[in-house]
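**Q** heads up, no residue letters with this:
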């Protein structure tokens, strides 16, 4: 087995640490109560993901992963959180978020999902590199936790963040697999999709806002003049 | 790799994508409508030569199956572009859409068609995934175009559900690559259908299983299989009919093709799970669920969306059953259903415009008020219900025969679904077409018989194939349905 791919080697330890960091931030996302905190946690996850991609670029000596890292940092870590913050400010939806499930239930389900993905992935990947195996298990956990967040949160914006966190899991899986072609192209495509979601929310909410503004505002003005 | 797009198979999707860019720059919606039709016709003409250009490269794969579905998709794209010219004129007159949005509409029409064709003809799983994703985004944007409250909501639901589905498909793609990695080594071959097909027997079976589950769920969402179908009724009902209902019907075929290919990979590996039963289970569930759900629908477009779920379920069931005869029946069913349902949705879209509403209360007694439209719709519904003389009777009969031969006890649920679903269609047929038009409003429609021309051609094909399939065509279906 590859000496770089086992426990104790620096390349493995750091890669594992960063992958776990992404997973821990997924858990943090599950119980944040305020909209701002959710966005910041998501940004932090994207930054850790960027670090993981950068580390894989160094370890695998495949420098195209650098582009993936830059996309994760620039777009998901900085630009999208800023845009989301602007949306939150503009639509004034700072208030705490309604959960469809209690926090303890959500966390327990999250832990179960992680156990499930480890039980599914580790036995099926016995011959693959240890780092690949564990990265895949971590990535699947992040994907499932993202799905859980989409189910357990009620607002459109938190659903979008759940979806984007799910996408982070996919990128984590893609960079962890040695020599995977088209990772950069795939991460660009994912970014386009994420951007479409963000702007979808933006227009969706704005539209809602305008509709209500339109009707009530006109009504109110008419009432005052009468 | 990109250079392959310069070949004839590459030209099929490329024409549409280039046309999309051109259409984005054409301000006149009349010119846009004609360019839209011309581009789809050129794509169809190119697609007709695909059977003589079989082969594979790093980017493209043309085998009989993908050539067949590409021809079908491009044909429906062409006829729908013709129909769309009259449809958008009526929408514009009704004020539901404005010229700038029509420009977006035409560009997105070609983008959607082009990326569907690319997904069909791609040899690379990554490219297939990107093309499916791009087609999904284009469809979502089209569904949201009317900017009514319900259209925005439908496009939102469409987007979230399909985005999750397609995300899971990407995970499956990564796992599939990981499964082939030890055999094929790093690089493009381990992500290509042809490379995977050669190496599948030596791939790690547990990883293949894992990949299959994710790809089935991911692309199964796009195929509208229950319980992953929730986006479809909304998307079919709310967007502009030519794209959101007629063309969107074709994306089911693309998704089913990908699932069939993945199933083929698992069949080559002796240690992998049998891929047929999960596919059959999803298919059967879709048939049963949709057959009963049909009875409760009030909206005509939603009603036919549920019927599409049922038909997609029948095709998936046949593909899951496997064996030459069942694959033949599944492919035949998929082809004929696409043609018949496109005709039905074209009629329904027109009827909804004429009556200014799309519930069963709005659309009644069409034959009395609009004879040609009513009779065409009636013929379309008879075809979709699987009644003779239309070809869907043949294909459903073949599926049932194969089921009875291999798994007789499954005839009970399958037969129940087919009968209940067909009955629901027949019951609605009477109200829609032969009832009393009452005091229903009637807004003049554009185009007259010209707008119905595509529906007539589709239905004539469905009858022709049902009554007397030429030997050459039968041989083509047999060859195409053999697992690639």
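**A** It's in. From a predicted model like this one, the values you see are computed outputs, not experimental measurements.
**Q** how about the residues of chain B by chain A?
**A** B:124, B:126-127, B:129-130, B:133-134, B:137, B:140, B:144, B:147, B:149, B:152, B:155-156, B:159-160, B:163-164, B:166-168, B:170-171, B:174-175, B:177-178, B:181-182, B:185-188, B:191, B:204, B:206-207, B:209-210 (C-beta under 8 Å from any C-beta of the partner chain). Quick note: C-beta positions are derived from backbone N, CA and C, even for glycine.
**Q** buried subset of those as a ChimeraX selection?
**A** Entered in ChimeraX, the line below selects the buried ones among those, by 16 or more other C-beta atoms under 10 Å in any protein chain shown:
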select /B:124,126,127,129,130,133,134,137,140,144,152,155,156,159,160,163,164,166,167,168,170,171,174,175,177,178,181,186,188,191,204,206,207,209,210
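**Q** can you name the residue of chain A nearest chain B?
**A** Of all residues in chain A, residue A:179 sits closest to chain B, at 2.6 Å by C-beta to the nearest C-beta.
**Q** what about that residue, distance to residue B:122?
**A** Between residue A:179 and residue B:122 the distance is 20 Å, computed by C-beta to C-beta, to the nearest Å.
**Q** the two - which one has more neighbours?
**A** Neighbours around residue A:179 and residue B:122, counted as other C-beta atoms under 10 Å in any protein chain shown, are more numerous at residue B:122. The numbers are 24 against 13.
**Q** so how far is stretch B:200-219 from its chain's centroid?
**A** Here stretch B:200-219 is found 24 Å from its chain centre; the criterion is C-alpha atoms, centre = their mean, to the nearest Å.
**Q** return the set of buried residues in it.
**A** Neighbour-count burial for stretch B:200-219 [16+ other C-beta under 10 Å]: B:200, B:203-219.
**Q** right, and residue B:389 touches residue B:468 too?
**A** No. Counting by C-beta atoms under 8 Å, residue B:389 stays clear of residue B:468, with 10.2 Å between them.
**Q** low-confidence regions, chain B specifically.
**A** B:147, B:438-442, B:445, B:483-484 (pLDDT under 70).
**Q** so the residue of it found nearest chain A is in which element?
**A** Going by C-beta to the nearest C-beta, chain A is nearest to residue B:186 of chain B, at 2.6 Å. Here residue B:186, judged by DSSP states H and E, is contained in no helix and no strand.
**Q** before we move on, the earlier item: I figured the residue of chain A closest to chain B hits residue B:189, correct?
**A** No. Look at residue A:179 against residue B:189 with C-beta under 8 Å: they stay out of range, at 11.5 Å.
**Q** got the contact list for stretch B:347-357?
**A** B:83, B:86-87, B:90-91, B:94, B:241-242, B:245-246, B:300-301, B:304, B:358, B:362-363, B:366, B:369-370, B:373, B:376-377, B:380, B:432, B:440-445, B:451-452, B:455 (C-beta atoms under 8 Å, 6 or more residues apart in numbering or on different chains).
**Q** those in strands, which ones?
**A** Per DSSP state E, strands hold no members of those.
**Q** now for residue B:452, how many residues are close by?
**A** 23.
**Q** could you do residue B:257 as well?
**A** Quick note: residue B:257 (other C-beta under 10 Å) scores 24 neighbours.
**Q** for it, what are its contacts?
**A** By C-beta under 8 Å, 6+ apart, the neighbours of residue B:257 are B:65-66, B:69, B:120.
**Q** what helix or strand does it sit in?
**A** helix B:248-268.
**Q** report the distance from that helix to the chain centre.
**A** 12 Å.
**Q** just checking, next helix/strand downstream of that helix?
**A** Counting by DSSP H and E, the next helix or strand C-terminal to helix B:248-268 is helix B:276-293.
**Q** contacts for that next one, please.
**A** Applying C-beta under 8 Å, 6+ apart, the external contacts of helix B:276-293 come out as B:212-213, B:216, B:220, B:224-227, B:229, B:259, B:263, B:306-307, B:309-310, B:312-322, B:410, B:413-414, B:416-418, B:420-421, B:424.
**Q** going through those residues, which ones are buried?
**A** Using 16+ other C-beta under 10 Å, the buried ones in the contacts of helix B:276-293 are B:212-213, B:216, B:220, B:224-226, B:229, B:259, B:263, B:306-307, B:309-310, B:312-322, B:410, B:414, B:417-418, B:420-421, B:424.
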